[in-house]
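Visitor: From the sequence below, what's the structure:
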Amino acid sequence: MARNKNNFFEVNSHKASVRVTINSIMMGSLFLVLTLIWTDAPVKTNSFIVSQLILAVPLLYVSTLAYSKIGYSEKVFMWDTLGWFTNNLGSIFILNAVGLMTILINRDIAFFYFSLMIALMLIYSTINIIYNPKERGEKIFKFFFFLLVVSIGGLLPLILGLLH
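Guide: Here you go, the predicted model:
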């Protein structure tokens, strides 16, 4: 789809359709993981980790609803924006929870996990900017949004030792 000069984000109905499918798979996986946590070790699991997994469910659900509206709505910019933010927050919460669960095994592996994830997202964003230089502002915003949520929800608890 062509970029609307008044909108920061580009609306893409095909991408929205794919995200609906991915969100559905991720929500199903989350319910499985949460069921295992609650039946196997509810006391052993850190509430900060579980809260990010739990919050990912409504975020991904609303993202799915918003992205599904793009397929048949005339006005889609606000649906796409809501879908993008809720999709990314939900996905990053899941990534954070995986990294924080890693602390229970080895703190160094958890640091490596977050470092690798940030480095790979930086590479991904750089390639996006190289191939789409006109979208540089959008790609930089998206990378820093990712970095902010990972830093607050993943790295900060790891650095401050909030998880035991």
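
Visitor: in the lowest-mean-pLDDT helix or strand in the chain, what counts as buried?
Guide: Ranking every helix and strand in the chain by mean pLDDT, DSSP states H and E puts helix 13-40 at the bottom, with a mean of 71. Buried residues in helix 13-40, counted by 16 or more other C-beta atoms under 10 Å: 16, 19, 20, 22, 23, 26, 27, 30, 33, 34, 37. Every residue, glycine included, has its C-beta placed from N, CA and C.

Visitor: need the next SSE after it, C-terminal direction.
Guide: helix 47-70 (DSSP states H and E).

Visitor: on contacts alone, who are the packing partners of that next one?
Guide: When contacts are defined as 3 or more C-beta pairs under 8 Å, 6 or more residues apart in numbering; DSSP states H and E, helix 47-70 packs onto helix 13-40, helix 77-102.

Visitor: Can you spell out which helices and strands pack onto the longest one?
Guide: Read it as helix 13-40. Using 3+ C-beta pairs under 8 Å, 6+ apart: helix 13-40 touches helix 47-70, helix 77-102.

Visitor: Using a markdown table, please lay out those together with distance to residue 119 and mean neighbour count.
Guide: Shown next, in a markdown table, are those (distance: least, C-beta to C-beta, whole Å; neighbours: other C-beta atoms under 10 Å):
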| stretch | distance to residue 119 | mean neighbour count |
| --- | --- | --- |
| helix 47-70 | 21 | 19 |
| helix 77-102 | 14 | 21 |
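
Visitor: Make a markdown table out of the ones you listed and add distance to residue 127 and mean pLDDT.
Guide: Shown next, in a markdown table, are the helices and strands packed on helix 13-40 (distance: least, C-beta to C-beta, whole Å; pLDDT from 0 to 100):
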| stretch | distance to residue 127 | mean pLDDT |
| --- | --- | --- |
| helix 47-70 | 24 | 88 |
| helix 77-102 | 18 | 92 |
